[in-house]
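Trainee: below are the sequence and a predicted model; questions follow.
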Amino acid sequence: MILVTGASGNIGKATVEFSLKNISKNKVIAMLRDENKSADLKAMGIEVRVADYKKPSSLLSAFEGIDDLLLVSSSSMDRLQDHKNVIDAAKQKGLKHIYYTSGAVSNYVTTPLMPLAASHGETEDYIKNSGLTYTIFQNSMYAETIPMYVGEGAVDSGIYFPAGEGKAAFALRTDMAEAIANAITSSGHENKTYVITGSIAYSFADIAQFLSELSGKPVTYISPEPKEYKETLKKHNVPEDGIFILSLFAKTFRHHDLEQINPAIENLLGRKPTDLKSYLKAAYFSN
Ligand SMILES: NC(=O)c1ccc[n+]([C@@H]2O[C@H](COP(=O)([O-])OP(=O)(O)OC[C@H]3O[C@@H](n4cnc5c(N)ncnc54)[C@H](OP(=O)(O)O)[C@@H]3O)[C@@H](O)[C@H]2O)c1
């Protein structure tokens with residue numbers, strides 16, 4: 001029996017759904033922290049358990065009768081303790097195998113993304129030291145985050161984002177979920193780390209070029225000075241934490257920390273991952 005955490009979120013829910021292609025619905029349990037978000041999973045006939053990474057006793061109850069666990073990384077800024085709580089509870093309940101969605105950052109220590117990414121490296125170490133059988137998925141940037149960086153109106157406004165020449169091996173979150181579902185429902189992944197990336201790393205100039213080709217009109221890419229970018233966002237009333245996150249990711253792209261390419265996703269999917277241009281077409285031109 002496998003339990004998937006974060007099942008109210010994008011990766012967790014999609015992984016539960018894709019796993020049903022390989023195993024019956026009575027072999028997978030969805031864990032989420034807010035029962036109000038469970039209706040569609042319940043409608044699919046999936047057992048739902050409610051627990052919070054921050055409440056160890058709720059995790060111990062949720063892990064009753066579970067063999068394997070997919071820990072979807074927490075979305076909170078101080079997530080390391082959340083992850084430790086889950087790993088400790090898994091160990092205490094005698095679970096066999098823990099799977100973890102980590103990040104594909106070239107170097108957790110030197111990257112500008114360190115304030116967020118360090119907890120992935122520390123969680124990986126904590127899992128390895130726990131003695132549990134593990135599989136780690138180091139996920140690259142979700143393609144679905146691109147509109148957050150470039151804006152929904154990028155086709156008309158052009159792209160204004162200080163990523164410089166930096167690239168990322170964007171992959172679709174749905175492809176990642178399908179690859180993860182295939183791994184958690186099959187054997188041969190014990191004590192392995194998979195770097196889950198797109199097949200090609202693309203820059204924001206490449207993204208502008210794809211949008212130009214798809215729209216039939218020129219879409220520009222401007223990479224402003226970071227200071228100018230922050231001031232521009234401020235003038236447009238973007239909240240401070242939004243400016244911080246966007247600037248942090250822009251700096252990480254500029255630092256070339258998200259450019260690793262690895263065939264693991266293709267091997268786990270048994271097909272090529274969706275290419276970025278197809279994603280952009282669906283995201284920007286589907287209506
Ligand atoms: N590779 C990338 O590009 C990228 C981008 C963004 C995030 N991430 C990371 O990947 C993770 C999964 O991505 P996603 O798109 O699926 O994120 P998401 O949609 O925000 O899902 C996160 C899930 O974690 C759950 N969660 C958060 N805190 C929890 C807690 N204390 N106890 C129990 N559950 C908790 C959320 O529950 P609620 O629904 O109740 O909030 C949600 O189900 C994120 O959490 C983040 O760590 C990666």
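Mentor: Received, thanks. Being a predicted model, the structure only gives us computed values, none of them experimental. Numbers count the residues shown, from 1 in each chain.

Trainee: make it CA atoms for all contacts and neighbour counts henceforth
Mentor: OK.

Trainee: those helices in the stretch 101-250 of the chain, which residues are they?
Mentor: Assigned by DSSP state H, counting those that start in this stretch, the helices in the stretch 101-250 of the chain fall at 114-130, 146-150, 154-157, 173-184, 204-215, 226-235, 240-254.

Trainee: what is the last one packed up against?
Mentor: Think helix 240-254. strand 167-168, helix 226-235 (3 or more CA pairs under 8 Å, 6 or more residues apart in numbering; DSSP states H and E).

Trainee: could you check the angle it makes with helix 226-235?
Mentor: Counting by axes from the mean of the first three to the mean of the last three CA atoms, to 10 degrees, helix 240-254 lies at 150 degrees to helix 226-235.

Trainee: is the next helix or strand after helix 240-254 positioned near the ligand?
Mentor: Next along the chain after helix 240-254, taking DSSP states H and E as the criterion, comes helix 264-269. No: shown here: helix 264-269 not in contact with the ligand (CA under 6 Å from any ligand atom), separated by at least 13.7 Å.

Trainee: list the contacts of the very next helix or strand once past helix 264-269.
Mentor: Using DSSP H and E, the next helix or strand after helix 264-269 towards the C-terminus is helix 276-285. Helix 276-285 has contacts (CA atoms under 8 Å, 6 or more residues apart in numbering) with 143, 152, 155, 170-172, 210-211, 214.

Trainee: now stretch 238-245
Mentor: Counting by CA under 8 Å, 6+ apart, 230, 233-234 sit against stretch 238-245.

Trainee: select only the buried ones of those residues in ChimeraX?
Mentor: Here is the ChimeraX selection string for the buried members of the contacts of stretch 238-245, based on 16 or more other CA atoms under 10 Å:
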select :230
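
Trainee: let me have the contacts of stretch 238-245 in JSON lines, extended by distance to the ligand and pLDDT.
Mentor: Formatted as JSON lines, the contacts of stretch 238-245 follow (distance: CA to the nearest ligand atom, whole Å; pLDDT from 0 to 100):
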{"residue": "230", "distance to the ligand": "21", "pLDDT": "98"}
{"residue": "233", "distance to the ligand": "21", "pLDDT": "97"}
{"residue": "234", "distance to the ligand": "23", "pLDDT": "97"}
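
Trainee: near the ligand, which residues of this structure are found?
Mentor: Counting by CA under 6 Å from any ligand atom, the residues of the chain near the ligand are 6-12, 32-34, 52-54, 72-76, 139-142.

Trainee: right, and residue 163 touches residue 258 too?
Mentor: No: judged on CA atoms under 8 Å, residue 163 makes no contact with residue 258 at a distance of 11.5 Å.

Trainee: any shared contact partners between these two?
Mentor: Shared contacts of residue 163 and residue 258, defined by CA under 8 Å, 6+ apart, are found at residue 252.

Trainee: what's the helix or strand for the closest residue to residue 37 other than its chain neighbours?
Mentor: Spatially, and ignoring its direct neighbours in sequence, residue 37 is nearest to residue 8 (6.0 Å; CA to CA, 6 or more residues apart in numbering). Using DSSP H and E, residue 8 maps to neither a helix nor a strand.

Trainee: report the separation between residue 8 and residue 31.
Mentor: Relative to residue 31, residue 8 is positioned 8 Å away (CA to CA, to the nearest Å).
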